[in-house]
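S.K.: Return atomic coordinates for the entry below.
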Amino acid sequence: MIEAVERICVVGNSGSEIGNGRGKIIDSYDVVFRFNNYSVDDDFSPDYGRKTTHWVTTFAKDIVGYEDKDDISQFYCPLPLYDERFLSRYCFTSIPHYKKYRHKTQFIPLEYFLDLTKVIRNPSTGISFLYWLYRERGSIDRRDIFGFSFFDQNYRHHYFDEFSECGHSGLEEKMLYERISFLPNSQLD
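M.R.: Presented below is the predicted three-dimensional model:
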């Protein structure tokens with residue numbers, strides 16, 4: 001997936017980073033993953049940074065800006081869309097975008113996705129990718145994860161828009177996150 005020596009961070013789309021001023025920290029990482037629609041505009045960069053090296057996408061029809069991502073060398077899809085059963089199951093998939101970019105996309109291994117859906121029936125893009133990362137690299141340092149609130153109503157669903165609908169279980173996702181990630185003891189004080 002990614003070389004173990006590279007410092008990576010994962011930037012989710014929750015509004016939980018608004019006002020935290022962590023944009024420069026995010027931009028200091030070697031690899032920065034972002035999800036589906038996101039914004040690195042001036043309004044958000046102080047909190048969410050600008051750097052994007054890797055894009056995680058589900059190829060959903062409502063995702064915009066594919067052409068803006070042409071400079072990103074690697075896409076990641078946390079759905080096993082290479083398997084016809086899942087490509088037809090996820091009817092929201094933009095088939096033209098999927099066909100155009102699948103050659104530069106790594107897809108979650110089917111085994112990982114099936115294991116994940118035993119725990120969370122309808123996992124979000126974010127938790128699916130974190131689980132994939134966990135399976136490939138082991139436990140994830142929480143200091144390298146930004147913009148995840150597990151659909152906590154105290155935060156905007158997306159920091160960059162007013163979208164608020166969600167068909168995911170925040171409680172289930174948070175429980176899995178706590179299992180696959182860690183916070184060093186010095187950070188617990």
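S.K.: going forward, measure contacts between C-alpha atoms and count neighbours the same way
M.R.: Fine.
S.K.: lowest confidence element among the helices and strands of this structure?
M.R.: Of all helical and strand segments in the chain, the minimum by mean pLDDT, DSSP states H and E falls on helix 84-89, at a mean of 89.
S.K.: any idea how far Val56 is from Pro46?
M.R.: 22 Å (CA to CA, to the nearest Å).
S.K.: and what of Leu110?
M.R.: Leu110 is 17 Å from Val56, by CA to CA.
S.K.: Who has more neighbours out of these two?
M.R.: Using other CA atoms under 10 Å as the criterion, Leu110 and Val56 rank with Val56 on top: 22 against 16.
S.K.: following the least confident helix or strand of the chain, which helix or strand shows up next?
M.R.: helix 95-101 (DSSP states H and E).
S.K.: Identify the residues contacting the helix or strand that that next one is followed by?
M.R.: Downstream of helix 95-101, the next assigned helix or strand under DSSP H and E is strand 105-107. For strand 105-107, contacts defined as CA atoms under 8 Å, 6 or more residues apart in numbering pick out Gln74, Phe75, Tyr76, Cys77, Pro78, Leu79, Pro80, Leu81, Tyr82.
S.K.: Would you tell me which helix is longest in this protein?
M.R.: helix 125-137 (DSSP state H).
S.K.: How far off centre is it?
M.R.: Relative to its chain's centre, helix 125-137 lies at 8 Å (CA atoms, centre = their mean, to the nearest Å).
S.K.: just the helices in this structure please.
M.R.: Going by DSSP H, the chain shows helices at 23-27, 45-48, 84-89, 95-101, 110-119, 125-137, 170-180.
S.K.: Quote the end-to-end distance of stretch 54-69.
M.R.: 9 Å.
S.K.: Now it: buried residues?
M.R.: Within stretch 54-69, the residues that qualify as buried are His54, Trp55, Val56, Thr57, Thr58, Phe59, Ala60, Ile63, counting by 16 or more other CA atoms under 10 Å.
S.K.: Quick one: residues contacting the second one.
M.R.: Contacts were defined as CA under 8 Å, 6+ apart; by that measure Trp55 touches Phe33, Arg34, Phe35, Asn36, Lys69, Ile72, Gln74, Phe75, Tyr76.
S.K.: Lys69 versus that one, what's the distance?
M.R.: 8 Å.
S.K.: Show me the residue at the heart of this protein, geometrically.
M.R.: Gly126 (3.7 Å; CA atoms, centre = their mean).
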